[in-house]
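Participant: Just need the structure, nothing else, for what follows:
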Amino acid sequence: MFTAVTILPRVSSLLAIAIAGVLIAGCGESEEEKAKAQVCHSREQINKSVTSLQTLPINASVVETAKKDLSAIESELGKIREAEPKLEPSIKSEVETAQNTFKTEIVSIAAAAAKELANGGLTEPQKFAPELKAALDKLVGSYKTTIGNIKC
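Facilitator: As a prediction, the model looks like this:
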C-alpha cells in the first residue's frame with residue numbers, strides 16, 4: 001500500500017527530473033544567438049584593447065605594447081568574421097559593414113603610425129608623441145563609429 005510518506009519522495013524525484021529536462025531544453029541557444037553573443041563578446045574585447053591603446057604612455061615600450069593590443073584586435077575581428085554567416089540578416093549586414101570599415105581604417109592608421117615610428121619614433125617616441133596620440137585618437141573614433149556601434 002502506498003502512503004504519503006512513500007509517494008512524496010517519488011513524486012519529488014519525478015518533478016525534479018521533469019524540471020531539469022525543461023530547463024536543459026530551454027537553455028539551448030540557436031546558432032544566431034551564439035553568433036550574436038560571439039560578436040558582442042569580441043566587441044567588448046576590442047573595446048578593451050582600444051582603451052588600452054588610447055591610454056598607452058608614449059615611451060620606449062610603446063611599440064611592443066601596441067603590437068600586443070593590435071594583435072588582440074585582429075584576433076577578435078577574425079572571430080567576428082567567423083560569426084557573421086550565422087547572424088540573422090539584419091544584424092549580419094550591420095556587423096559586416098562595421099567590421100570591414102574598422103579593419104580598413106585600422107590598417108591605414110597602423111601604417112601611418114609605423115611610418116612615423118620608422119622615421120625616428122622608435123628611438124625617440126616622445127618626439128613623435130603628438131602624431132602617435134593623433135593616430136590612437138583616430139583609432140578610438142573609428143572604433144566608436146564602427147564596431148562600437150553594434151547593438152548588443
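Participant: From now on I want contacts and neighbour counts done on CA atoms only, so please keep to that.
Facilitator: Will do.
Participant: is it true that Val95 touches Asn149?
Facilitator: No - taking contacts as CA atoms under 8 Å, Val95 lies outside contact range of Asn149: 9.1 Å.
Participant: Neighbour count: those two, which is higher?
Facilitator: Under the criterion of other CA atoms under 10 Å, the comparison of Val95 against Asn149 puts Val95 first, with 24 against 13.
Participant: in the host helix or strand of that one, what's buried?
Facilitator: Per DSSP states H and E, Val95 falls inside helix 89-116. Neighbour-count burial for helix 89-116 flags 92, 94-96, 98-99, 101-103, 105-106, 109-110, 113, 116 (criterion: 16 or more other CA atoms under 10 Å).
Participant: Show me what the helix or strand following it is packed up against.
Facilitator: Next along the chain after helix 89-116, taking DSSP H and E as the criterion, comes helix 129-145. Helix 129-145 makes packing contacts with helix 31-54, helix 89-116 when contacts are defined by 3 or more CA pairs under 8 Å, 6 or more residues apart in numbering; DSSP states H and E.
Participant: by how many degrees do helix 129-145 and helix 89-116 diverge?
Facilitator: For helix 129-145 against helix 89-116, the angle by axes from the mean of the first three to the mean of the last three CA atoms, to 10 degrees is 170 degrees.
Participant: leaving aside the residues next to it on the chain, what's closest to the spatially most central residue of the chain?
Facilitator: The residue lying closest to the centre of the chain (CA atoms, centre = their mean) is Ser42, at 1.6 Å. With sequence-adjacent residues excluded and distances taken as CA to CA, 6 or more residues apart in numbering, Ser42 is closest to Glu76, at 5.2 Å.
Participant: now the one you found: how far from Leu70?
Facilitator: Counting by CA to CA, to the nearest Å, the separation of Glu76 from Leu70 is 10 Å.
Participant: For Ala72, grab the count of nearby residues.
Facilitator: Neighbour count of Ala72, defined by other CA under 10 Å: 18.
Participant: From Glu44, how far out is it?
Facilitator: Note on Ala72: its distance to Glu44, by CA to CA, is 12 Å.
Participant: just Ile73 next, same as before
Facilitator: Ile73 is 10 Å from Glu44, by CA to CA.
Participant: That's all I had, so thanks and see you.
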